[in-house]
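S.K.: I would like to see how this sequence folds:
(2 chains)
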Amino acid sequence: MGTHADKSIYYVPHGTKWPMVGSLGITTMLVSTAVWLNGATAAQWGLYLGLAIIIFMFFGWFAEVIRESEGGYYNTQVDASFRIGMVWFIFSEVMFFACFFGALFYARTLAVPWLGGEGNNAATNEFLWQGFVPTWPTNGPGEIGGDFQTIPAFGVPFLNTLILLTSGVTLTLAHHALRANQRKPLVIWLALTVALGALFMFYQVEEYGEAYNHLGLTLGSGIYGSTFFMLTGFHGLHVTLGAIMLFVIMIRCARGHFKPDYHFGFEAVAWYWHFVDVVWLGLFIFVYVL
Amino acid sequence: MSTIASDGTDLGHDTHDAHDDHDHKPEGFLDRWVFTTNHKDIGTLYLVFALLMFFIGGAMAMVIRAELFMPGMQLVRPDFFNQMTTMHALIMVFGAVMPAWVGFANWMIPLQVGAPDMALPRMNNFSFWILPFAFTMLLSTLFMDSGGPAAGWTLYPPLSLQTGSSFAFVVFAVHMMGISSIMGAINIIATIFNMRAPGMTLLRMPLFVWTWLITAFLLIAAMPVLAGAVTMLLTDHFFGTSFFNAAGGGDPVMFQHIFWFFGHPEVYIMILPAFGVVSEILPTFSRKPLFGYAAMVYATASIAFLSFIVWAHHMFTVGMPLEGELFFMYATMLIAVPTGVKVFNWVSTMWKGSMTFETPMLFAIGFVVLFTIGGLSGLMLAITAADLQYHDTYFVVAHFHYVLVPGAVFTLMAGAYYWLPKWTGNMYSERWGKIHFWCSAIFVNVLFFPQHYLGLAGMPRRIPDYSPQFADFNMWSSIGGFAFGASQLIFVGVIIHCVWFSKKKATAQVWEGAKGLEWTVPSPAPHHTFTKPPVVDDTMVAHADEAH
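M.R.: Below you'll find the predicted structure:
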């Protein structure tokens, strides 16, 4: 057989060891983390080992898929399965973030005002949290975590908004270049996108340092610190993953992968990147500005 | 078996496999079961795993019923009793019912839509093989010095935050179950949207496929929310966050809202595929097309939509604003409308049918009757004013066990009997199947019906001891429980007999009245089916002469 399989047939791989590698990796990582959380610091090495196994799985699994794809085994129907899979994966991520946004909205509009006696909760305020005046931001009537200040929206966060929005533009330019089969601009625009992602993360880390070292704002700063770091933290994690994915796509482009009319891997990562961008816009508005 | 070479060597040798529709099964345990990408083998793995979990969770239920056999503390410590109620629920929900349905989906959806396999076969393997690790992790907590989780499967804080060293293991096990469910659901959606044979239009799909499509949507929307909820528990426990701590401005009630935003769709995740299976079985043994096929599809979708706006009916006593109580009460009662459509359509399907009562049909009819009882007690619970009385009593336990045991579990049994001949190529023992049904149907009522009275009389749930006034009904319930548990061993016997000892071969058609693509392939279904897609027309679908 040459490089092209029969495209009238839906390609079904026969046998794979990668999922088992992945399951072992996830289990190693999570069991070790649980043991670590229970106080055994040496268990952290299990976490790193598990993570390494998971990374190994991604390399091996994706390498296999890429070889098959470049080898011409996939017809348009297989391509459609990947597309549907990616769309619904992103939807699951949307729901994951929706959960934390929901927590933020609930706390801001219901839980905190109720502690201050709003609605039919006068007794709550009177007998449990007397004198608590609900405001936002807050670390609650117990002032958990002590005094803190918030990060102003129109400093680094606004800059980061511009950086992410710009990265969306450069990524789209890369996509146009790919469709026009201009390989050099393709790689350059992608490299710029990755650089902008890294720049975003750089500022985000700076901002966290500022919050922890100078503003007194930590994960333990009551409900404000909890929602702030949970939302921006998971977003940052997704930006990091997205940037790594973009980097891999850039390497693949540099090696001549993808065709102007056949480049699902590129598109999947682009969708992911735009999703991460949209989440940031939500964060910028609801966490920083309002 | 020729796997794709992972070291970058030529792939050419593999291509003949992709063309191969002979009954080649990979040799050796690892290749056949651990590295498999075959939807039938993965389906079998899911079903066997679910059955194992069903018995582990069932053993825990036996501990609970043994302790409750009479008033006073006899067998276990209260803390261990709480671990049993918590673990019984987690195991049954995430380990037994959900994987069992995914097993059915794996086996049947490609066969029913004429696909060569699931859309993403490698990920299919991953979805399954995470589960044994997740449940080993969960079950291992029982052997830790703090014992397993004991705050109830709903993991409400602040109580759940007092869990000892097992806490992080439970949270991570739930994460892994969530990853598995989400991948499984994505695969099912991709398969249904993308892998249907030519002519298999959406409104020609069997109802099992339709209900699973909608279930998969619910899974992808609900499971990440559960993941978020337990993540917040984890950070509240270990990293000093205040999500569920009022002193920090958070709210333990917020956890309940988030949990039930997942939890209510979760209930339908367990029951919608059951609706699908019943909608396959009743027409077959009534020898009539399903009554109101399109209405069934729309009713399923309506139930799924409503499942996202009723969550707070689980928390009527928590102190919500009155508007909230009323909204959730009315929205909940609305669910009775599409559910009623379904029940009446099932009854109408049987009406004037040429009915026979093979084991799958018995379980399906048992489902229609007994699930409806569970539905009606659900309506009672939906009334806010009345729920203030019923909340956290055995009435609630009776309600949800009626919808889950003679509801979901009976249909799992019905589906298993219905498709066992197709899976194994052998007929099961009809006599023992019927004995299994009648034992189950009688004892499930002895087990759960008295719990209605216990609840109405005020017996709270999740307690190891009770006032002597509840003694008689509890004794009946326990006797029913032991007998129901023992009856399920008949099922294992029937399966073992069917797979390895049955002399009676199944035909491809199996059931005279059955329609649909799965009955066009031989029994047992070959390892690879529909490598070349069939062309589907109206005569081949289950609801052939239905206008839609």
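S.K.: give me the pLDDT value at B:Gly375.
M.R.: Per-residue confidence (pLDDT) for B:Gly375: 95.
S.K.: same question, B:Thr372
M.R.: pLDDT, B:Thr372: 97.
S.K.: for the residue nearest to it when sequence neighbours are not counted, pull up the helix or strand it's in.
M.R.: In space, B:Thr372 comes closest to B:Val343 once its chain neighbours are excluded; the distance is 5.6 Å by CB to CB, 6 or more residues apart in numbering or on different chains. C-betas here are computed from N, CA, C, even on glycine. Following DSSP states H and E, one finds B:Val343 within helix B:336-350.
S.K.: show residues contacting that helix.
M.R.: Residues outside helix B:336-350 that contact it (CB atoms under 8 Å, 6 or more residues apart in numbering or on different chains): B:275, B:278-279, B:282-283, B:286, B:288-292, B:295-296, B:298-300, B:302-303, B:306, B:365, B:368, B:372, B:375, B:379.
S.K.: and that helix, how far from the chain's centre?
M.R.: Taking CA atoms, centre = their mean, to the nearest Å, one finds the center of helix B:336-350 at 21 Å from the center of the full chain.
S.K.: next one: stretch B:272-292
M.R.: In terms of CA atoms, centre = their mean, the centre of stretch B:272-292 is set 18 Å apart from its chain centre.
S.K.: with stretch B:45-64 instead?
M.R.: Relative to the chain's own centre, stretch B:45-64 is displaced by 13 Å; criterion: CA atoms, centre = their mean.
S.K.: A:Glu93: neighbour count?
M.R.: Other residues within reach of A:Glu93, judged by other CB atoms under 10 Å in any protein chain shown, total 19.
S.K.: please name the nearest non-neighbouring residue to A:Ala243.
M.R.: A:Ala243's closest residue in space is A:Gly197 (CB to CB, 6+ apart), at 3.5 Å.
S.K.: now the helix or strand that neighbour falls within: how far from the chain's centre is it?
M.R.: Using DSSP H and E, A:Gly197 maps to helix A:183-210. With CA atoms, centre = their mean as the basis, helix A:183-210 stands 14 Å off its chain's centre.
S.K.: now the helix or strand following it against helix A:183-210, angle please.
M.R.: Proceeding N to C from helix A:183-210, the next assigned helix or strand is helix A:222-254, under DSSP H and E. Interaxial angle, helix A:222-254 versus helix A:183-210 (axes from the mean of the first three to the mean of the last three CA atoms, to 10 degrees): 160 degrees.
S.K.: got the CA coordinates for stretch B:223-242 in PDB?
M.R.: What follows is stretch B:223-242, C-alpha atoms only, in PDB (Å, rounded to 0.1, in the frame of the first residue of the first chain):
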ATOM      1  CA  MET B 223     -20.300  17.100  34.200                       C
ATOM      2  CA  PRO B 224     -18.000  20.100  33.900                       C
ATOM      3  CA  VAL B 225     -20.200  21.800  36.400                       C
ATOM      4  CA  LEU B 226     -19.700  19.000  38.900                       C
ATOM      5  CA  ALA B 227     -16.000  19.100  38.200                       C
ATOM      6  CA  GLY B 228     -16.100  22.800  39.100                       C
ATOM      7  CA  ALA B 229     -18.100  22.200  42.200                       C
ATOM      8  CA  VAL B 230     -15.800  19.500  43.600                       C
ATOM      9  CA  THR B 231     -12.800  21.600  42.600                       C
ATOM     10  CA  MET B 232     -14.100  24.400  44.800                       C
ATOM     11  CA  LEU B 233     -14.600  22.000  47.600                       C
ATOM     12  CA  LEU B 234     -11.000  20.900  47.200                       C
ATOM     13  CA  THR B 235      -9.700  24.500  47.300                       C
ATOM     14  CA  ASP B 236     -11.900  25.300  50.300                       C
ATOM     15  CA  HIS B 237     -10.500  22.200  52.100                       C
ATOM     16  CA  PHE B 238      -6.900  22.600  51.200                       C
ATOM     17  CA  PHE B 239      -6.100  26.100  49.900                       C
ATOM     18  CA  GLY B 240      -8.100  28.500  52.100                       C
ATOM     19  CA  THR B 241     -10.700  29.700  49.600                       C
ATOM     20  CA  SER B 242     -14.100  30.800  50.900                       C
END
